[in-house]
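Undergrad: sequence first, then the predicted structure:
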Amino acid sequence: MHLHTDISGQGEPLVLIHGLFGSYENLGMIARQLADSFKIINVDLRNHGKSAHLPTMNYQEMADDVLETLDALGIESAFVLGHSMGGKVAMQIALTAQHRVKKLILADISPVVTAPRHVTILKALADLPLAALTDRREAEPMLAQSVEEPAVRQFLLKNLMKVDGKLQWRFNLTALTANYSQILAAPSATGQYLGPVLFIKGGDSDYIQPSHQPIILAMFPQAKAKIIQGTGHWLHAEKPAAFAKIVRDFLLS
């Protein structure tokens with residue numbers, strides 16, 4: 001499947017892959033900061049953004065989507081950066097199609113089964129009476145009953161779009177819910193990616209833990225790590241300049 005892409009800049013290609021509930025727009029600030037040095041291929045994964053809605057989504061399927069999109073663009077190999085769920089997609093690509101990935105950057109995610117942090121969010125989104133709402137602002141106080149963090153609510157509500165006068169989710173909520181265990185899973189590929197790898201961790205995030213190090217090094221023997229202090233899981237949005245500098249320095253080194 002060919003994914004929706006937002007392409008900008010010039011230079012060697014750099015693929016950006018967003019996380020759960022996101023779209024290419026989530027990495028737009030990073031794309032803008034790096035477009036002077038790289039050709040940015042910023043994708044919407046299946047069941048997200050402007051890409052197709054499909055009933056299944058596991059990491060091999062999502063990796064294949066990205067590779068087929070690169071094929072359609074005539075790109076044989078690229079730098080690949082993924083955040084959270086998008087990082088696991090990036091890992092899957094590197095582990096199954098090593099020759100397609102020049103360097104790999106993984107933003108605040110490990111190649112392990114992730115804790116189920118989104119069960120409450122999925123239920124809250126499903127419970128919103130979209131047919132009775134006329135504006136996304138009406139949904140915010142309803143969502144606040146289950147989702148306490150204002151920034152998370154605003155992030156989710158960016159996906160609430162009006163189509164033919166009716167509100168609907170831009171992501172495929174049915175598929176995300178049905179495939180949630182697949183989203184939490186570790187990448188399904190075996191073996192190693194022997195190219196350069198950088199893990200970037202949010203200093204206040206617990207998505208990457210010291211106990212993950214043996215697993216990381218078994219899959220990615222050349223892995224290195226950077227920590228951006230004072231950031232959580234959304235490190236690229238919280239400190240975009242620091243994040244972009246780390247990415248640029250690693251890719252150009």
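TA: Ah, there it is.
Undergrad: CA atoms for contacts and neighbours, from now on please.
TA: Noted.
Undergrad: at which residues are the strands of the stretch 51-200 of the chain located?
TA: Along the stretch 51-200 of the chain, the stretches classed as strands by DSSP state E, counting those that start in this stretch are 78-83, 101-107, 160-163, 166-169, 197-202.
Undergrad: mind listing what's buried in stretch 192-203?
TA: If you call a residue buried by 16 or more other CA atoms under 10 Å, then stretch 192-203 has these buried ones: 192, 193, 195, 196, 197, 198, 199, 200, 201, 202, 203.
Undergrad: the last one and residue 228 touch, don't they?
TA: Yes: checked against CA atoms under 8 Å, the pair residue 203 and residue 228 is within contact range at 5.5 Å.
Undergrad: tell me the secondary structure at residue 241.
TA: Three states are possible here, and by DSSP: H, G, I helix; E, B strand; the rest coil the one that applies to residue 241 is helix.
Undergrad: and for it, the neighbour number?
TA: Using other CA atoms under 10 Å, residue 241 has 14 other residues around it.
Undergrad: out of the strands of the stretch 51-200 of the chain, nearest to residue 222?
TA: Shortest separation from residue 222 across the strands of the stretch 51-200 of the chain is recorded for strand 197-202, at 6.0 Å, computed as CA to CA.
Undergrad: same question for the helix or strand immediately after the closest one in the chain, mean pLDDT?
TA: Proceeding N to C from strand 197-202, the next assigned helix or strand is helix 213-219, under DSSP states H and E. Taken as a whole, helix 213-219 has an average pLDDT of 97.
Undergrad: residues in contact with helix 213-219?
TA: 95, 110, 111, 112, 190, 191, 192, 193, 223 (CA atoms under 8 Å, 6 or more residues apart in numbering).
Undergrad: swap the cut-off to 7 Å and go again
TA: Residues outside helix 213-219 that contact it (CA atoms under 7 Å, 6 or more residues apart in numbering) are 111, 191, 192, 193, 223.
Undergrad: also stretch 37-47?
TA: Taking CA under 7 Å, 6+ apart as the criterion, the residues outside stretch 37-47 that touch it are 3-17, 23-24, 31, 50-54, 62, 171-172.
Undergrad: with just CA atoms, put that stretch into CSV.
TA: Taking Å, rounded to 0.1, in the frame of the first residue of the first chain, the C-alpha atoms of stretch 37-47 are listed here in CSV:
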residue,chain,number,x,y,z
SER,A,37,19.9,19.2,4.6
PHE,A,38,17.7,16.3,3.7
LYS,A,39,14.8,15.3,1.4
ILE,A,40,12.1,14.7,4.0
ILE,A,41,9.6,11.8,3.3
ASN,A,42,7.1,12.4,6.1
VAL,A,43,4.5,9.6,6.1
ASP,A,44,1.0,8.9,7.5
LEU,A,45,0.9,5.2,8.6
ARG,A,46,-2.1,3.1,7.7
ASN,A,47,-5.2,3.9,9.7
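Undergrad: and the gap between the closest residue in space to residue 55 that isn't next to it in sequence and residue 122?
TA: Closest residue in space to residue 55, ignoring its immediate chain neighbours: residue 175 at 5.4 Å, by CA to CA, 6 or more residues apart in numbering. Residue 175 sits at a distance of 11 Å from residue 122 (criterion: CA to CA, to the nearest Å).
Undergrad: do the same with residue 247
TA: With distances taken as CA to CA, residue 247 is found 32 Å from residue 122.
Undergrad: who's more crowded, those two?
TA: residue 247 (19 against 15).
Undergrad: and the nearest residue in space to that one that is not next to it in sequence, what is it in contact with?
TA: Spatial nearest neighbour of residue 247, excluding adjacent residues (CA to CA, 6+ apart): residue 105 at 7.6 Å. For residue 105, the contacting residues are 80, 81, 82, 197, 198, 199, by CA under 7 Å, 6+ apart.
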